[in-house]
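**Q** All I have is the shape, not the residue letters:
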């Protein structure tokens, strides 16, 4: 029968999706990790991982083992904590996928706070200008702008956030009506690279005179800060852009939502449940704080 050490190696490979990453977490040679997995599979009489170009993915048998292994990890951590007084802390590696605006302006503060309370935890933020593919295990969970409608996923609404027009201070004063937008340099998304209809802000406003464009909202904000023009900005990003101010707030006010998306098979993972609870609470508080600063 497998022992706790076997399950520890199994969890490291399941979370890292590679022998080398698991080896780094375990401080073990990747070849040794591979041998340990092979030994565990032989003991269980089941194949737990399938190797692909993307790394090591769990088989159906591996998926069935994951939740019990994480429960055993939680019980072990609780037992150690009862002796040392350090119980309840998260460990291992967790990867979050997020659109780059959220990844740049919200998650750093939230993840730093969670990690400071759980020094044995490695948090990886995967910032992509596209939807993160959870079915390929690109991440353990993802923040999205639109809730997915297909796949074996669980979805939780995090909170709403707000967006307005922003412009450099030197040009903001002359923008008093929507008609003025047609005479100003405008910054926005590259039209054929808008990966979510909820991000097509300028089309919603009937604005088509985009002079500078990027698939990254963070780059768009920096183009505005450099004096390249005006555009739509997240309220939560405005405290990081003192060169800009919001304009036409009574005429242009957009509301979008963030959703936390996870693998359905992870719903019984105490470790990921605890992390997602902290993440959602942290994001709600941080977005509210930043938006208050932006509108002060």
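**A** Nice, I can see it. Predicted model, so just to flag it, every value in this text is computed and none were measured. Numbering: from 1, shown residues only.
**Q** Off-centre distance for the longest strand that the chain contains?
**A** Assignment by DSSP state E gives strand 153-168 as the longest strand of the chain. Centroid separation between strand 153-168 and its chain, computed with C-alpha atoms, centre = their mean, to the nearest Å, is 13 Å.
**Q** and it, what does it pack onto?
**A** Helices and strands touching strand 153-168, by 3 or more C-beta pairs under 8 Å, 6 or more residues apart in numbering; DSSP states H and E, are helix 217-225, strand 230-234, strand 244-247, strand 254-263, helix 270-294. From N, CA and C alone the C-beta is placed, and that goes for glycine too.
**Q** List the pairing partners of it within its sheet, with orientation.
**A** When pairing is defined by DSSP bridges, strand 153-168 lines up against strand 230-234 (antiparallel), strand 244-247 (antiparallel), strand 254-263 (antiparallel).
**Q** ok, and which of those has the densest surroundings?
**A** Counting by mean count of other C-beta atoms under 10 Å, strand 230-234 has the highest mean neighbour count of the strands paired with strand 153-168, with a mean of 26.
**Q** and that strand, how far from the chain's centre?
**A** Distance of strand 230-234 from the chain centroid (C-alpha atoms, centre = their mean) equals 21 Å.
**Q** Now do that strand against helix 270-294: the angle between them, please.
**A** Counting by axes from the mean of the first three to the mean of the last three C-alpha atoms, to 10 degrees, strand 230-234 lies at 130 degrees to helix 270-294.
**Q** Touching strand 230-234 from outside, list them.
**A** With C-beta atoms under 8 Å, 6 or more residues apart in numbering as the test, strand 230-234 has contacts from 101, 105, 161-168, 171-172, 175, 181, 184-188, 201-202, 217, 220-221, 223-224, 241, 244, 246-247, 254.
**Q** follow-up on the earlier one: I'd like to know which of the strands paired with strand 153-168 is closest to residue 17.
**A** Minimum separation from residue 17 across those (C-beta to C-beta) falls at strand 254-263, 12.7 Å.
**Q** Looking at the closest one now, give me its mean pLDDT.
**A** The average pLDDT for strand 254-263 rounds to 93.
**Q** Break this structure into its domains for me.
**A** 1-88, 158-256 (automatic domain parsing).
**Q** Buried ones among the contacts of strand 230-234?
**A** Among these, those scoring as buried are 101, 105, 161-168, 171-172, 175, 181, 184-188, 201-202, 217, 220-221, 223-224, 241, 244, 246-247, 254 (criterion: 16 or more other C-beta atoms under 10 Å).
**Q** Can you give me the distance of residue 98 to residue 48?
**A** 29 Å (C-beta to C-beta, to the nearest Å).
**Q** low pLDDT regions in the protein?
**A** 1-2, 74-88, 129, 135 (pLDDT under 70).
**Q** now the helices for it?
**A** Applying DSSP state H to the chain gives helices spanning 4-16, 19-26, 30-44, 60-84, 100-105, 107-117, 169-172, 201-205, 217-225, 270-294.
**Q** quick one, which of those helices is nearest to residue 151?
**A** Here helix 60-84 is closest among the helices of the chain (C-beta to C-beta), at 14.6 Å.
**Q** what's near enough to touch the spatially closest residue to residue 263 that is not a sequence neighbour?
**A** Leaving aside its sequence neighbours, residue 263 sits nearest to residue 134 (C-beta to C-beta, 6 or more residues apart in numbering; 5.8 Å). Residue 134 sits next to 97, 141, 142, 151, 153, 261, 262, 263 when contact means C-beta under 8 Å, 6+ apart.
**Q** and the end-to-end length of stretch 178-189?
**A** Stretch 178-189 has its terminal residues 19 Å apart, counting by C-alpha to C-alpha, to the nearest Å.
**Q** start at 635 instead
**A** All set: I'll call the first residue 635, so the last point we hit is now stretch 812-823.
**Q** what separates it from the chain centre, distance-wise?
**A** Taking C-alpha atoms, centre = their mean, one finds stretch 812-823 lying 31 Å from the centre of the chain it belongs to.
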